[in-house]
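> This is a predicted model, with the sequence first.
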Amino acid sequence: MAGGRGSAGARPRRAIAMAFAVACCCCCVLAGLGVADAATTYYVGDGSGWSFSSASWPNGKQFHAGDVLVFRYIPWMHNVVAVDEDGFNGCTTPPGSRTYTSGSDSVRLAKGNNYFICTRFGHCNLGMKLVVYAA
């Protein structure tokens, strides 16, 4: 009978140990998904949208690679072109630049400087351009 009692007592301990192991695994998985990995969505220009005043919009904000910028604008009036530094400085569209025209475009930030211009009606030359640094 003593053997029977020992076996019965071991079952609850094994169940507790198994539950503890599962809980530890879950905690490790959740820690791996940490808040630092969560992307933040930003609306360029806030309530004003993508406009001539957007150049100063990033001031005071901290962006990270993977964050998403949403450009909202009137499609026949503006567009968004993701360019390199030369395209930004010269208001040109280098080969391989991505052009967005929907009026509600989501762009995921890469690490480093991310450059955007509007190529409609000479808007870039009038100051409608934006650089966002993502850490």
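Received the coordinates, thanks.
> quick one: the helices in this protein?
2-32, 85-90 (DSSP state H).
> Now do the buried residues in the shortest one.
Of the residues in helix 85-90, 87-88 count as buried by neighbour count, 16 or more other C-beta atoms under 10 Å. For the C-beta atoms, the positions are set from N, CA and C on the backbone; glycine is no exception.
> Residue 44 and residue 95: what is the separation?
25 Å (C-beta to C-beta, to the nearest Å).
> Confidence-wise, which of the helices of the chain is weakest overall?
Among the helices of the chain, helix 2-32 has the lowest mean pLDDT, at a mean of 47.
> what separates the closest residue to residue 65 other than its chain neighbours from residue 130, distance-wise?
Once flanking residues are discounted, residue 65 sits nearest to residue 111: 4.0 Å by C-beta to C-beta, 6 or more residues apart in numbering. For residue 111, the distance to residue 130 (C-beta to C-beta) stands at 17 Å.
> quick one: which of these two has more around it?
For residue 111 and residue 130, the more surrounded residue by other C-beta atoms under 10 Å is residue 130, and the numbers stand at 22 against 12.
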